[in-house]
Every structure is written in C-alpha cells, then in structure tokens.
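Show me the folded form of this:
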Amino acid sequence: KFSDYDIASPALWYKIEGNDHYVKAVIETAENTERPFALFKGFDCGDELECILGHAAEHRNNMLTWFAEKETTYYFKVFGDPEGD
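Modelled structure (predicted):
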C-alpha cells in the first residue's frame, strides 16, 4: 500500500514546469512491475511541497494525466522498493 513508501524512500524525481496543458506520465519498468508514485507541486525541492496525488502499486495503473497550470512547478516521484531491492 502507498503508506509503506516513505517520502525518503529511494526514488526517481522528475521536475515538470506547467504550461496550461495536460501532462501524461507513464511508468514502465524492465520487470513490468508496478511502482507507486506521487505528484507534488511547489516552487522547488527546497520548499515544502504539496502532495497532490499518491498512487499505490496494487491499483495496477501505471499512468497519470493532469492539467499542469502555467507558472506552477510539479514534481513527479516514482518510488523504489521500500526494502531497497
């Protein structure tokens, strides 16, 4: 479940600048396994980020589409294995 994944867990972060268009993120893994992800917004990683959406792997949905507002910075985090594997 999503709560098993701490914000400090190993992960990949992607920074997206909003441009008043829809953005679609698709996660693909070599092993074809599901990875949970979270979408945040804020000014930069040093500031407190607002979590917009958290997604648990058991939902079996590996994509997210959202409207990226202009002059807003989004951070998309793909969580690694919480046990470090």
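
For the helix or strand of the chain with the lowest mean pLDDT, output the C-alpha coordinates as PDB.
For the chain, the helix or strand with the lowest mean confidence is strand 50-55, at a mean of 78 (criterion: mean pLDDT, DSSP states H and E). Only the C-alpha atoms of strand 50-55 are listed here, as PDB (Å, rounded to 0.1, in the frame of the first residue of the first chain):
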ATOM      1  CA  GLU A  50       2.200  19.900  -1.600                       C
ATOM      2  CA  CYS A  51       1.200  16.300  -2.300                       C
ATOM      3  CA  ILE A  52      -1.500  16.400  -5.000                       C
ATOM      4  CA  LEU A  53      -1.800  12.600  -5.500                       C
ATOM      5  CA  GLY A  54      -0.400   9.400  -4.200                       C
ATOM      6  CA  HIS A  55      -0.800   6.200  -6.000                       C
END
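
Count the neighbours of the nearest residue to residue 40 once chain neighbours are set aside for me.
Among residues not flanking residue 40 along the chain, residue 49 sits closest, at 3.9 Å (CB to CB, 6 or more residues apart in numbering). C-beta: built from backbone N, CA, C; applies to glycine. Per other CB atoms under 10 Å, the neighbour tally for residue 49 reads 19.
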